[in-house]
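K.L.:
Give me a 3D structure for the following:
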Amino acid sequence: MGVGKAKFLIDRRLAILLNLDQFLLPMAQLGKDLKALILALDYGGTKHTAGIVAVGERVWLSYERISSPLGADACSDQATMLKLARKLLADADGRLIAVGVSFGGPVDGLTGTVKLSHHVPGWEDTPLRDQLQAEFGVPAAVGNDANVAALGEWKFGAGQGCPSFLYVTVSTGIGSGWVLHGQIFNGADGMAGEIGHVIARPGGAECVCGKRGCLEAEACGPAIGRKMRERWGAGSPEPWTGETVARAARQGDPRAQEVMDEAARLLGAGLGGAINLMNPERVVLGGGVTKSGERWWRLVRETARFHALPQMRVDIQPAALSDDAPLWGAVALTGK
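P.N.:
Predicted structure coming up:
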């Protein structure tokens with residue numbers, strides 16, 4: 001082959017490669033231009049929620065909540081959540097970069113391992129973070145629902161600007177999360193904030209944890225429903241829940257008002273003790289029971305003020321993010 005012909009072939013191959021680069025560069029840039037997405041998951045005791053948000057944005061691109069069926073266990077809950085997540089991701093316009101998780105039970109935040117669920121069997125020692133990282137191929141972060149919700153309210157909601165802040169969720173159970181100097185306080189075993197298992201009534205109702213008289217066993221939604229059924233006895237007109245008791249109380253039912261008032265005072269006493277212990281700048285309450293009406297709120301605040309030392313502030317506010325506090329906390333948990 002002559003020198004001129006060889007040079008022609010080399011020049012042509014170089015031209016082809018240059019043209020190919022012109023095609024490949026936009027393709028590579030396309031991946032960079034796609035929105036970076038965060039998948040947020042909230043594993044609740046009675047419902048599961050998933051949402052997708054773009055990094056830096058505060059509006060859900062997609063969002064769905066479904067109820068957990070009766071008799072659910074860890075396997076069915078995980079299958080339900082993964083199906084929900086895949087559905088949202090299939091319609092998402094962007095690239096997933098992280099998964100944040102709020103879980104309704106004790107969690108080792110360092111390893112992302114679920115220790116147990118007090119309401120759903122089969123979750124004991126489940127490496128949920130590792131499972132989700134294997135499923136989605138991106139980093140995942142997992143935290144206890146109350147801690148994660150506290151982070152959400154501190155960063156995006158009613159706790160903004162508060163260096164010391166207590167979030168309490170009153171729903172299927174009762175839990176809390178502390179934010180101290182801008183950081184979630186996890187405690188020595190990753191279980192700080194279990195206010196629901198502070199004894200509110202010694203020798204009282206049996207709690208899901210196995211002890212008796214815990215605040216959760218006396219003042220959460222299921223406890224309110226149980227106490228109403230006990231007052232009615234065999235002639236109860238309906239299978240009472242925390243929501244239906246609260247509605248009846250607002251409508252003037254004296255039995256319902258008695259049950260709701262007792263639950264509010266017990267919660268208020270627990271909050272007063274927590275205020276005495278840590279002196280937070282603000283306390284924020286979230287969860288379904290907090291929708292029980294002005295009378296419930298007034299009694300909670302009055303009782304907390306009565307039990308707190310007079311020199312301590314008692315600033316108790318509703319969650320700004322409502323039921324989505326754990327989900328926005330899951331977004332914050334990813335650090336993106």
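
K.L.:
if you average pLDDT over stretch 128-137, what comes out?
P.N.:
Stretch 128-137 shows a mean pLDDT of 98.

K.L.:
same deal with stretch 319-333?
P.N.:
Mean predicted lDDT for stretch 319-333 stands at 94.

K.L.:
Just the buried residues of it, please?
P.N.:
Buried residues in stretch 319-333, counted by 16 or more other CB atoms under 10 Å: 319-321, 323-333. From N, CA and C alone the C-beta is placed, and that goes for glycine too.

K.L.:
Show me the shaky parts of the chain.
P.N.:
1-32 (pLDDT under 70).

K.L.:
about what we covered before: which among the buried residues of stretch 319-333 gets closest to Glu238?
P.N.:
Asp323 (24.0 Å; CB to CB).

K.L.:
isn't there a helix covering that closest one?
P.N.:
Yes - per DSSP: H, G, I helix; E, B strand; the rest coil, Asp323 lies within a helix segment.

K.L.:
Strands along the stretch 101-250 of the chain, start to end?
P.N.:
For the stretch 101-250 of the chain, applying DSSP state E, counting those that start in this stretch gives strands covering 107-108, 113-114, 140-144, 164-170, 174-180, 183-184.

K.L.:
Output these as TSV; include the columns distance to Tyr63 and mean neighbour count.
P.N.:
Below are these laid out as TSV (distance: least, CB to CB, whole Å; neighbours: other CB atoms under 10 Å):
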stretch	distance to Tyr63	mean neighbour count
strand 107-108	23	24
strand 113-114	23	22
strand 140-144	19	26
strand 164-170	20	27
strand 174-180	22	25
strand 183-184	24	17
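
K.L.:
how about JSON lines for those strands, with distance to Gly288 added?
P.N.:
Formatted as JSON lines, those follow (distance: least, CB to CB, whole Å):
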{"stretch": "strand 107-108", "distance to Gly288": "21"}
{"stretch": "strand 113-114", "distance to Gly288": "22"}
{"stretch": "strand 140-144", "distance to Gly288": "18"}
{"stretch": "strand 164-170", "distance to Gly288": "8"}
{"stretch": "strand 174-180", "distance to Gly288": "11"}
{"stretch": "strand 183-184", "distance to Gly288": "23"}
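
K.L.:
Could you name the stretch from the ones you listed that's closest to Gln251?
P.N.:
That would be strand 164-170 among the strands of the stretch 101-250 of the chain, by CB to CB, at 21.0 Å.

K.L.:
what's in contact with that closest one?
P.N.:
Here strand 164-170 makes contact (CB atoms under 8 Å, 6 or more residues apart in numbering) with 145-146, 149-150, 153-154, 159, 174-181, 195, 219-221, 267, 271, 274-275, 278-290, 319, 325-326.

K.L.:
OK, contacts around Glu135?
P.N.:
Per CB under 8 Å, 6+ apart, neighbours of Glu135: Leu82.

K.L.:
do you know how far it is from Glu124?
P.N.:
20 Å (CB to CB, to the nearest Å).

K.L.:
so where do the helices sit in the protein?
P.N.:
3-33, 74-90, 128-136, 145-156, 215-219, 221-232, 242-250, 254-278, 294-307, 325-333 (DSSP state H).

K.L.:
The second one - contacts with which helices or strands?
P.N.:
The elements that helix 74-90 packs onto, with contact taken as 3 or more CB pairs under 8 Å, 6 or more residues apart in numbering; DSSP states H and E, are strand 36-43, strand 47-54, strand 62-67, helix 128-136.

K.L.:
Of all the ones you listed, which one comes closest to Gln78?
P.N.:
helix 128-136 (7.5 Å).

K.L.:
buried set for the closest one?
P.N.:
When neighbours are counted by 16+ other CB under 10 Å, the buried residues of helix 128-136 are found to be Leu128, Arg129, Gln131, Leu132, Gln133, Phe136.

K.L.:
quick one: Leu82 from Leu39, how far?
P.N.:
11 Å.

K.L.:
picking that back up, redo the helices of the chain as a markdown table? Include distance to Arg201.
P.N.:
Listed next are these as a markdown table, based on distance: least, CB to CB, whole Å:
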| stretch | distance to Arg201 |
| --- | --- |
| helix 3-33 | 58 |
| helix 74-90 | 31 |
| helix 128-136 | 33 |
| helix 145-156 | 21 |
| helix 215-219 | 5 |
| helix 221-232 | 11 |
| helix 242-250 | 18 |
| helix 254-278 | 7 |
| helix 294-307 | 14 |
| helix 325-333 | 28 |
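
K.L.:
circling back to that earlier point, which one, of the strands of the stretch 101-250 of the chain, ends up nearest to Trp60?
P.N.:
Of all these, strand 140-144 sits nearest to Trp60, with 18.6 Å by CB to CB.

K.L.:
the inter-axis angle of that closest one versus helix 325-333?
P.N.:
Taking axes from the mean of the first three to the mean of the last three CA atoms, to 10 degrees, one finds strand 140-144 and helix 325-333 inclined to each other by 140 degrees.
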